[in-house]
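# Below are the sequence and a predicted model for it; my questions follow.
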Amino acid sequence: MRDKTQTNSAAPGDRLIRAGAVVFFLGAVATLVTVAPLFLGAKPFPTYMFGLSMLMAVGFLMAGAGVLRSVAAGRRQARGAAPGASR
């Protein structure tokens, strides 16, 4: 049973996925804050606020990279555990 993954152990891409989720959430909040004055008829925010909305895309890419890293580590581990893998 030692070869089983522990429930509290972190896979290689887990931190990147969590960081991507946080950045995505911050970008979503920035998007809501930036778009709200347009619906409320208030003066729009400066242009840099629209740039902060791009954090959603950055967070999505970070999380995607974490998923790909986790998948690659899982494939490497599966290859190592496969019969006849030692060449």
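Cool, the structure landed.

# Please tell me how far Val71 sits from Pro12.
From Val71 across to Pro12, the span is 10 Å (Cβ to Cβ, to the nearest Å). Yep, even glycine has a C-beta here, placed from its N, CA and C like the rest.

# got a list of what the most centrally placed residue in the chain touches?
The centre of the chain sits closest to Ala63, judged by Cα atoms, centre = their mean, with a distance of 1.8 Å. Residues in contact with Ala63 (Cβ atoms under 8 Å, 6 or more residues apart in numbering) are 16-17, 20-21, 24.

# please redo it, this time with the cut-off set to 6 Å
For Ala63, the contacting residues are 17, 20-21, by Cβ atoms under 6 Å, 6 or more residues apart in numbering.

# Per-residue pLDDT of it, please?
With respect to pLDDT, Ala63 scores 94.

# cool, and Leu40?
88.

# next one: the one 5 residues further on
Predicted confidence (pLDDT) for Phe45: 82.

# Correct me if wrong: it contacts Val33.
No: counting by Cβ atoms under 6 Å, Phe45 stays clear of Val33, with 7.4 Å between them.

# the more surrounded of these two?
Using other Cβ atoms under 10 Å, the more surrounded residue of Phe45 and Val33 is Phe45, with 16 against 13.

# Could I get the contacting residues of that one?
Thr34.

# Distance from the chain centre to the strand or helix carrying Val35, please.
Taking DSSP states H and E as the definition, one finds Val35 inside helix 14-40. Centroid separation for helix 14-40 versus its chain: 12 Å, with Cα atoms, centre = their mean, to the nearest Å.
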